[in-house]
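# Fold the following for me, if possible:
(2 chains)
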Protein chains: 2
Amino acid sequence: MSSNRVSTAYAYPLLIKQLLHTPLSNSPDQEIVSSNIKRYNYLEFRRRVGQLAGGLAALGVGMGHTVAVMDWDNHRYLECFFAIPMMGAILHTVNIRLSSQQILYTINHAHDDVLLVHADFVSIIEKIRHRFERPVKLVYMQQRPAAAIPSGFDAEYESMLAAADSAFHFEDFDENTPATTFYTTGTTGTPKGVAYTHRQLVLHTLGLVTAFSTASGNNRLHKGDVYMPMTPMFHVHGWGIPYAATMLGIRQVYPGRYEAAELLSLIETQGVTFSHCVPTILHMLLSAPAAQNIDLSALKVIIGGAALPDGLSKMALERGIEIFAAYGLSETCPVMTTADLTDAVDERGSDADRVRRRKPGKPCALVEVRVVDEQMNDIPRDGKTTGEIVVRAPWLTQAYIDNPEATEALWRGGYLHTGDAGFFDQTHSLIITDRIKDVIKSGGEWISSLELENIVSACDGVAEAAAIGLPDPRWGERPMLVVVRSCGAESKISADEIRQALRTHVDNGNLSKWAVPERIEFVKQIDKTSVGKPDKKVLRARYTRNYHSSLDIRQRIVTESV
Amino acid sequence: MSSNRVSTAYAYPLLIKQLLHTPLSNSPDQEIVSSNIKRYNYLEFRRRVGQLAGGLAALGVGMGHTVAVMDWDNHRYLECFFAIPMMGAILHTVNIRLSSQQILYTINHAHDDVLLVHADFVSIIEKIRHRFERPVKLVYMQQRPAAAIPSGFDAEYESMLAAADSAFHFEDFDENTPATTFYTTGTTGTPKGVAYTHRQLVLHTLGLVTAFSTASGNNRLHKGDVYMPMTPMFHVHGWGIPYAATMLGIRQVYPGRYEAAELLSLIETQGVTFSHCVPTILHMLLSAPAAQNIDLSALKVIIGGAALPDGLSKMALERGIEIFAAYGLSETCPVMTTADLTDAVDERGSDADRVRRRKPGKPCALVEVRVVDEQMNDIPRDGKTTGEIVVRAPWLTQAYIDNPEATEALWRGGYLHTGDAGFFDQTHSLIITDRIKDVIKSGGEWISSLELENIVSACDGVAEAAAIGLPDPRWGERPMLVVVRSCGAESKISADEIRQALRTHVDNGNLSKWAVPERIEFVKQIDKTSVGKPDKKVLRARYTRNYHSSLDIRQRIVTESV
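Numbering: from 1, shown residues only, chains lettered A, B, ... in the order given. You can find the predicted model right below:
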């Protein structure tokens, strides 16, 4: 067959701007609500995207430049999600939870040309800007327009938009052009930069919608939903869901800074039906006094970033929330798998129902998930043997920026290594048993820190638990638990009571007897990473330092209990 | 930002084989039912796809070869949909409704290397094979395995599979590799070849799922559906829905040759919930005696290929069927827009509800639809001014094979020209008023043949109607109606009664008075194209030949009525 495309045929590139065709054509009047500061429709949103591009172009931004944003989740951030990549520039979503030194590192490492800074973060920038390694233009963003902008700033967001023509022409370019970049602080000291192209973000958007919208029940994303992010937009583009919500042209609500009372008020007054967050945020929301008087039964919440604890799923289901897990990494754009979102087959809220909702679940369209041994051979799919989860998808980080060693390790054998251990269960759902590096290897056997944490956090009187492995002269490693007691009357749970709860699972055959830890420490709070997960690196370091002092006692207990 | 992809990072190409990751991982035991001849699960389906590729490779098929299929809609066709393109070969879906001479033309024009022929089409091949312009290997396909294969055939499908190893390795290759080809006979004498690449088919699959699954109600495609095509698989890959259903891993039912009784029986016994067809097929189904005793209320049917007549939508709604229009062309893969699939806002079956269901509707994700004048300027979006509908999407035919003139016309100005006239209405839905070439231009005013047909086919006593424009010395053109009366007691409708019905619409302001035709002919049947649409080219030619004989009468009527 001869190839004979003519020059006039449009070779459609997958660019972020193309996501805007449907909302602008199908629902131009649909509303985007930004906390209590702004409210406009998609047409006005698109006009401001044009103005933002015009304003940034006037500041010198063009193809290949990097524009960084430090802001809460509001309409301006959504404008940046589109305008900056649509210009051919790269959107750097700065993690505002990092230390100022880490923020400085990422600004320099990403070669930022322009930095858009919300008033609340100006003090950070003033502290570090003398150490910027290249000229960085500063744009001031404030909650409501004010007269003065801080000294040293080049522009103010609203005045910049007002001065710009909205008719900025967004050219076509190669779909493999980088669109976004951000830094992940998972496992090593120095933040690692990842980047996503236009093609990757467009395909992720389609894959995500396909995953979240095709369930047979109504526990799914659809065009009648009202969407509000509760995962910060700097964190893997708010898991990419703002792009999906915009493409679907649905009503969107942006909450600004995350405060439980404001989030709850927006859910109530704006009728939010679809959101997503890490477990901590939902726990904060449901524990807030204001939550008790609000009807949350129209809400669907996808939980990611950490395993969905059973206790939280119970709390959520009791409030009528449809809660489900999903699974992804900063390196995977992020969505790879979602729990089975069908209507409950088992009684709603029953053990079986909660188990289903808490599973990382099933791969999204186009995502190839394998579970492999160290030689990249497939682990037998027998519902129990675990291995490392490796993936291919059209939206995976192709490289850590300027970090070939880490990239090589990430992509060993042509598959992205998630660093997670797990298996496929009998329902064809992926189950994650641990981070590979958090797996506790005791006496040659793998103990899942996640499994220990799940059991212990379900105990009455436990607010939170982290399991780590500590070096042990006899067993290689032994598990240890760090536990936060919950407030209130039932708060005096003892180490023995926790061990008793674990032994029940041993007796039921659900837990190996080697998994019951001798050492259990009660703490006021557990150290967290910048994305709110237990920082096991810190915990391991702290308790390994105490290793010698506790050795005698531990060995005695080991002898007793094993 | 430096680009530093390492060689081991997987640059994921959008290939048809990648659609199989999710069904094989998530629902390997799900069933595919092929009429009453075969029933197997997705794992077995995948095994046979491997065997088919192995068997074809043994016949010499490799990258860039073309393998043609002449079959009814069954499991073998689905195997071909995957195995042939997955090998890097091109699947030519032969339109079995064409004349043997046209079939010969397409086999030669597509440079077919192998032809898979169902027993029912062997006689056609025996008639034309001496005129094949290159060696074509023939593979025989039969309903059930038999001993002998016809003389001159090189292999039999099932024996070929049985002899092949299922472990055929499907290599990666460029996603822009052609995957499928077929011929369209819309507007000119000679069939025109179109081709689709792997990338286009994968993106169309995602776009289609996004369009059909994100409606807020339950009138949508979801993972709990049971799918059966009622658009032949040779017709734009069964509108691409077999690819979507396979990617979703849902239960599929293939009906073989379309017979009303068999289709109805499969709907009933297999619990079919999602299908699609041209109006004629659904009309045939609902008119069949067997239909009266079958519960069709779980069925959702997407209607395309021709406008959804109001009478048919009424019939379908009365039987509890969720019926909706969608819009596409052979050149657009095909889906571009779909009616609003939400639950009825207006009373189910009411006038407003039927109007909504019958609209071509709203663009799918990534589809850019413009309505333009001849200079490619946007027509004002005022809900009434019409223009030509032109589109861009990632899955549009880039060229007619070896036909640069037609290609140039198709892509004039960088947009694909649909040849349809229409506008966006106040609900942001696309409305199609006519084929550009079927528009009747009378006295300088455009008269929509579709509008005339809709009104007339809704009259009691009318089974079908086609409106055409005939040359007229005074008005340029005048509309004419060709009408098939329906059988039964009410079948004696007269031309005057039809004109009276049209005048009611004139009085209501819904129709220009110029649109009421003087000439109305009653016929036993209306000439159809190979895809079942009224063949207006033939009609115009026939009635223009009668032009002079009827001129006097017509002119008299014109004088009377205008």
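
# Check which helices and strands the helix or strand harbouring A:Ser123 is in contact with.
Element membership for A:Ser123 (DSSP states H and E) is helix A:122-128. Packing partners of helix A:122-128 (3 or more Cβ pairs under 8 Å, 6 or more residues apart in numbering or on different chains; DSSP states H and E): helix A:100-109. The way it works is simple: take the backbone N, C-alpha and C, and place the C-beta from them, glycine included.

# buried residues in the helix it packs on?
Neighbour counts over helix A:100-109 (16 or more other Cβ atoms under 10 Å in any protein chain shown) mark A:Gln102, A:Ile103, A:Leu104, A:Tyr105, A:Thr106, A:Ile107, A:His109 as buried.

# swap in stretch A:309-329?
By 16+ other Cβ under 10 Å, the buried positions in stretch A:309-329 come out as A:309-313, A:315-317, A:319, A:321-329.

# Where helices are concerned, which of those count?
A:Asp310, A:Gly311, A:Leu312, A:Ser313, A:Met315, A:Ala316, A:Leu317 (DSSP state H).

# residue contacts, the spatially most central residue of chain A?
Chain A has A:Gly305 as the residue nearest its centroid, 4.6 Å off, counting by Cα atoms, centre = their mean. With contact taken as Cβ atoms under 8 Å, 6 or more residues apart in numbering or on different chains, A:Gly305 is in contact with A:Thr231, A:His235, A:Cys277, A:Val278, A:Pro279, A:Val531, A:Gly532, A:Lys533.

# what about the fourth one, neighbour count?
By that I understand A:Val278. 20 (other Cβ atoms under 10 Å in any protein chain shown).

# how close does the closest residue in space to it that isn't next to it in sequence get to A:Asp373?
When the adjacent residues along the chain are set aside, A:Val278 lies closest to A:Gly305, with 3.8 Å between them (Cβ to Cβ, 6 or more residues apart in numbering or on different chains). Distance from A:Gly305 to A:Asp373, counting by Cβ to Cβ, to the nearest Å: 27 Å.

# Could you do A:Glu497 as well?
A:Glu497 is 38 Å from A:Asp373, by Cβ to Cβ.

# which of those two has more neighbours?
When neighbours are counted by other Cβ under 10 Å, A:Glu497 and A:Asp373 differ, and A:Glu497 comes out ahead with 15 against 12.

# Report whether the more buried one is found in a helix, as I expect.
Yes. Per DSSP: H, G, I helix; E, B strand; the rest coil, A:Glu497 lies within a helix segment.

# Thought A:Cys459 was touching it, still the case?
Yes. The pair A:Glu497 / A:Cys459 is scored as a contact, 7.3 Å apart, by Cβ atoms under 8 Å.

# Tally up the residues packed near A:Trp395, please.
When counting by other Cβ under 10 Å, one arrives at 27 neighbours for A:Trp395.

# which residues touch the closest residue to A:Ala463 other than its chain neighbours?
With Cβ to Cβ, 6+ apart as the criterion, A:Ala463 has its nearest non-adjacent residue at 3.9 Å, and that residue is A:Ser486. Neighbour list for A:Ser486: A:Gly461, A:Val462, A:Ala463 [criterion: Cβ under 8 Å, 6+ apart].

# Give me the subset of those lying in helices.
Under the assignment DSSP H, the contacts of A:Ser486 contribute nothing to helices.

# neighbour-wise, which of these leads?
Of the contacts of A:Ser486, with other Cβ under 10 Å as the count, A:Val462 tops at 24 neighbours.

# Make sure that one is actually in contact with A:Cys487.
No. The criterion here is Cβ under 8 Å, and A:Val462 misses it with A:Cys487 at 11.5 Å.

# Sketch out the low-pLDDT regions of chain A for me.
Within chain A, the stretches with pLDDT under 70 are A:1-7, A:144-147, A:186-189, A:344, A:444, A:488-491, A:531, A:545-562.

# any idea how far B:Asp120 is from A:His75?
Counting by Cβ to Cβ, the gap from A:His75 to B:Asp120 is 61 Å.

# Around chain B, which positions in the stretch 101-250 of chain A sit nearby?
Proximity of the stretch 101-250 of chain A to chain B, by Cβ under 8 Å from any Cβ of the partner chain, involves residues A:110-111, A:178, A:181, A:195, A:202-203, A:206-207, A:209-210, A:213-218, A:221-225, A:247-248.

# just how off-centre is stretch A:472-491 within its chain?
In terms of Cα atoms, centre = their mean, to the nearest Å, the centre of stretch A:472-491 is set 26 Å apart from its chain centre.

# got the CA coordinates for it in PDB?
The C-alpha trace of stretch A:472-491 is given here as PDB (Å, rounded to 0.1, in the frame of the first residue of the first chain):
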ATOM      1  CA  ASP A 472      19.100  -8.200  64.200                       C
ATOM      2  CA  PRO A 473      22.200 -10.400  64.800                       C
ATOM      3  CA  ARG A 474      20.300 -13.600  64.700                       C
ATOM      4  CA  TRP A 475      17.400 -13.100  62.200                       C
ATOM      5  CA  GLY A 476      19.000 -10.500  59.900                       C
ATOM      6  CA  GLU A 477      16.100  -8.200  60.600                       C
ATOM      7  CA  ARG A 478      13.300  -8.100  63.100                       C
ATOM      8  CA  PRO A 479      10.100  -6.000  62.700                       C
ATOM      9  CA  MET A 480       9.400  -3.100  65.000                       C
ATOM     10  CA  LEU A 481       6.200  -1.100  65.400                       C
ATOM     11  CA  VAL A 482       5.900   2.700  66.000                       C
ATOM     12  CA  VAL A 483       2.400   3.400  67.200                       C
ATOM     13  CA  VAL A 484       0.400   6.600  67.800                       C
ATOM     14  CA  ARG A 485      -2.400   6.100  70.300                       C
ATOM     15  CA  SER A 486      -5.700   7.700  69.500                       C
ATOM     16  CA  CYS A 487      -7.100  10.400  71.800                       C
ATOM     17  CA  GLY A 488     -10.000   9.700  74.100                       C
ATOM     18  CA  ALA A 489     -11.100   7.100  76.600                       C
ATOM     19  CA  GLU A 490      -9.800   4.000  74.800                       C
ATOM     20  CA  SER A 491      -6.400   5.500  74.400                       C
END
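
# Quick check: buried residues in it?
Neighbour-count burial for stretch A:472-491, counted by 16+ other Cβ under 10 Å, picks out A:Asp472, A:Trp475, A:Glu477, A:Arg478, A:Pro479, A:Met480, A:Leu481, A:Val482, A:Val483, A:Val484, A:Arg485, A:Ser486.

# What is the most widely separated pair among those?
A:Trp475 and A:Ser486 (30.9 Å; Cβ to Cβ).

# A:Ile520 against A:Ile493, yeah?
No. Assessed by Cβ under 8 Å, A:Ile520 is found out of contact with A:Ile493, at 10.0 Å.

# intersection of neighbour lists for these two?
Joint contacts of A:Ile520 and A:Ile493 (Cβ under 8 Å, 6+ apart) are A:Val483.

# So for these two, which sits in the more crowded spot?
Using other Cβ under 10 Å, the more surrounded residue of A:Ile520 and A:Ile493 is A:Ile520, with 22 against 19.

# how much space between the nearest residue to that one once chain neighbours are set aside and B:Ala58?
Spatial nearest neighbour of A:Ile520, excluding adjacent residues (Cβ to Cβ, 6+ apart): A:Ala495 at 4.0 Å. Distance from A:Ala495 to B:Ala58, counting by Cβ to Cβ: 68 Å.

# and these two? which has more neighbours close in?
Higher neighbour count among A:Ala495 and B:Ala58: A:Ala495, with 16 against 13, using other Cβ under 10 Å.
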